[in-house]
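> mind folding the following:
(one chain, ligands or ions: 2)
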Amino acid sequence: MTTNNLIIFDTTMRDGEQSPGASMTRDEKLRIARALERMHVDVIEAGFPASSNGDFEAVRAIANVVKDSTVAGLCRANDRDIQRGIDALKGAKSWRIHTFIATSPIHMEKKLRMTPEQVLEQAKLAVRYAKNACPDVEFSPEDGSRSEPDFLCRVLEAVIAEGATTINIPDTVGYAVPQQFGEFIRRLRERIPNSDRAVWSVHCHNDLGMAVANSLAAVVTGGARQIECTINGLGERAGNTSLEEIVMAVKTRADFFDLQTRIDTTQIVPTSRLVSQITGFVVQPNKAVVGANAFAHASGIHQDGVIKARQTYEIMTAEDVGWSTNKIVLGKLSGRSAFKQRLKELGIELESEDLVNKAFQRFKDLADKKAEIFDEDLQALVTQEAGASPEERWRLVTMNQASGMGERPHANVVLAENGAERSAAAEGDGPVDATFKAIEKLAASGTELLLYSVNAVTQGTESQGEVTVRLAKGGRVVNGIGADTDIVVASARAYISALNKLASKMERLNPQHQL
Ligand code: KIV
Ligand code: ZN
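Ligands and ions are numbered 1, 2, ... in the order given. The predicted structure follows:
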């Protein structure tokens, strides 16, 4: 029997984190987990505990603080992975082991080098092992949409018999087409005798831009009642099903879907911003629901229509999804308690008093330069402080640079390395280039710069620039974030933050490179 409750399973911190460059620190993951909980996401997949000690710690920390959502961890179908998952998750109020093994001919033969019978046996053993420790077990046949239906039915029937409570069919390579995929799920449910003992779920990738459509077809035609998705559609390659699009489709077209979710939609935009800031993955302006232009009416005809009656061109309101007009919240004279109170209202909890002090100092510095401080400014400065590595090998002491038309830009930088100050100067193609070269003269890090991006935090030329720098070295990819009203200073901060993360002993590799 299917119900009309649609379970929202967020995998931003697991599949989303597998996008190259999107890896997050434990504290960044905690902030995202709190935002997802505030949004009332049903299941938060917090990570892949066996992939690294860092991810194990992040999943454990999330399991210990989240109370209103189930916390899940992904585990390959073997005892070691599952035991790591159990150890990371068992402190949670509600937890789930999510185990997977590939079932498509190409994955079994070329990747796993296992026969179908061996895969079937391993899937059963894995679910049995997980079920001994945890009543809530999800099983995914990886590359399910390209698996042979008869074999898939045998595997799924067997794992349900072992106690799997959720069956999740992944379209791992984004190959599915909506009508076909919906039928595929429907036939699996019809053919498997014990299918009604599990909740059916789908997990779609967006390689052909159909992840949201495929997920909704699986719900409407196939009877699936859980969708796995990510904030901003983050995820491997072209990403996953986007949470905000699913939730708003179901809400806006309730007449068609007749489904409900628990999601507080007003938390969508703040959470989207948070994920974008932390990962450095900018949201395209025309992205549905969370893009900057999603509710902007530029043409005269549209503006005229919206002024006369909003519904002429708007099917949902900006307020419904949490867009707020920039509000001045704090100023130069605001004290520490007003600052802390506003962070609390924004749902930002800093881990330690030390972090609060550092963020407050940064707020005071910012208020000296910028008369009006908006929520977005607070988010940016907290993201910078909370995202910083706890081990700060490099600290920016001071810097200046000069550039002008027809002149070669030049930068001077003073850094403290473990407390000892050193300076360097360099020329470059632009002021940022010169600054990075000067920093590199001191750090000699040998890293590769993968991404440099600048975003205005608020509107107007006095806005802070928020810079993301993505560096790679020896298989590790890290993001550094810096915000300042001077974008060259923001750039230097971001670069140094990334260097500190690379220098930190925290074992935190992108799960993708570990497996
Ligand atoms: O895409 C995929 O197949 C996955 C599974 C592990 C669920 O992410
Ligand atoms: Zn996936």
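> drop to CA atoms for contacts and neighbour counts, all remaining ones
Fine.
> count the residues that sit near the closest residue to residue 417 other than its chain neighbours.
In this structure, residue 417 finds its nearest non-sequential neighbour in residue 394, 4.8 Å apart by CA to CA, 6 or more residues apart in numbering. Neighbour count for residue 394, taken as other CA atoms under 10 Å: 22.
> most remote residue from the chain's center?
residue 406 (42.6 Å; CA atoms, centre = their mean).
> how far away from the center of its chain is stretch 214-230?
Mean-position distance between stretch 214-230 and its chain equals 20 Å (CA atoms, centre = their mean, to the nearest Å).
> how about the contacts made by the closest residue to ligand 1 within the chain?
Distances between the chain and ligand 1 by CA to the nearest ligand atom are smallest at residue 172, namely 3.7 Å. Contact analysis of residue 172 by CA atoms under 8 Å, 6 or more residues apart in numbering lists 142, 143, 144, 145, 203, 204, 205.
> try residue 90
By CA under 8 Å, 6+ apart, residue 90 lies in contact with residue 63.
> any idea which helix or strand carries the residue farthest from the centre of the chain?
Counting by DSSP states H and E, no helix or strand carries residue 406.
> could you do residue 139 as well?
strand 137-142.
> what does the helix or strand just after that strand contact?
Downstream of strand 137-142, the first helix or strand assigned by DSSP H and E is helix 149-161. Surrounding helix 149-161, the residues in contact under the criterion CA under 8 Å, 6+ apart are 103, 116, 120, 123-124, 127, 139, 141, 144, 167, 188, 191-195, 197-198.
> could you do stretch 491-509 as well?
23, 25, 52-55, 388-396, 432, 435-436, 445, 467-471, 473, 475-483.
> got phi/psi on residue 204?
Dihedral pair for residue 204: phi -110, psi 140, per degrees, to the nearest 10.
> just to check, it is in contact with residue 215?
Yes: contact criterion CA atoms under 8 Å: residue 204 and residue 215 qualify, at 6.5 Å.
> state the distance from the residue of the chain closest to ligand 1 to residue 309.
43 Å (CA to CA, to the nearest Å).
> give me the pLDDT value at the residue nearest to residue 417.
In this model, residue 394 is scored at 94, pLDDT.
> which residues touch it?
415, 416, 417, 418, 496, 499, 500.
> can you say which of those residues are buried?
The neighbour-count test (16 or more other CA atoms under 10 Å) marks 415, 416, 496, 499, 500 as buried among the contacts of residue 394.
> ligand 1 contacts on the chain?
15, 100, 140, 142, 143, 170, 172 (CA under 6 Å from any ligand atom).
> go again using 8 Å as the cut-off
For the chain, the contact set with ligand 1 under CA under 8 Å from any ligand atom comprises 15, 74, 99-102, 140-144, 168-173, 203-205, 236.
> one step back: distance check, the residue nearest to residue 417 against residue 146.
Per CA to CA, residue 394 is found 49 Å from residue 146.
> where do the helices sit along the stretch 101-250 of the chain?
For the stretch 101-250 of the chain, applying DSSP state H, counting those that start in this stretch gives helices covering 105-106, 116-133, 149-161, 178-191, 211-220, 243-252.
> so the last one versus helix 211-220, what angle?
For helix 243-252 and helix 211-220, the angle between their directions (axes from the mean of the first three to the mean of the last three CA atoms, to 10 degrees) works out to 50 degrees.
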